[in-house]
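# okay, sequence plus prediction incoming.
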Amino acid sequence: MGYDIVIATTEMGAGDTALTENLMQGFIHTVAEKENKPSHVIMYGTGVKLAIKGSEAIEDLRSLESAGVKVLSCGICLDYYEVANKLEVGGVTTMKEVVDILAASENVVKP
């Protein structure tokens, strides 16, 4: 079964920031190691910060991209946080593209 992942924040779950950020890093790393990779990883909100320079997720996101996963960050969000020029991995997406991808997805996973 195909699937797509949407990441809305740099954290996974609720609790202390150190814990929830570590959980998100672990999630991305585990997905990168899986044989059954998603078709897309879409980041929006503060989640776009996972794809910018200095993020601990860059290596795993690059690994996913190398395996054929389309890694996309919300252009509006990158502009809002003034980090568009720091994007290290993946491409920039529009809301139309996000809606089209999610509408066609067999399964959407949101950590």
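Cool, got the structure.
# could you check which helix or strand contains D100?
For D100, the host element (DSSP states H and E) is helix 95-104.
# gap between that helix and the chain center?
15 Å (Cα atoms, centre = their mean, to the nearest Å).
# what packs against the next helix or strand after that helix?
The helix or strand immediately downstream of helix 95-104 is strand 108-109, counting by DSSP H and E. Under the contact criterion of 3 or more Cβ pairs under 8 Å, 6 or more residues apart in numbering; DSSP states H and E, strand 108-109 touches strand 4-7. C-beta coordinates here come from the backbone N, C-alpha and C atoms, glycine included.
# can you tell me the strand partners of the strand it packs on and which way each runs?
Strand pairing for strand 4-7, using DSSP bridges, gives strand 40-43 (parallel), strand 108-109 (parallel).
# report the central residue of the chain.
Closest to where the C-alpha atoms of the chain average out (Cα atoms, centre = their mean) is M43, at 4.0 Å.
# wait, that residue touches G75, no?
No: at 11.1 Å, M43 does not count as touching G75 under the criterion of Cβ atoms under 8 Å.
# now the lengthiest helix in the chain, how far from the centre of its chain.
For the chain, the helix with the greatest residue count under DSSP state H is helix 17-33. Using Cα atoms, centre = their mean, the mean C-alpha position of helix 17-33 is found 11 Å from that of the whole chain.
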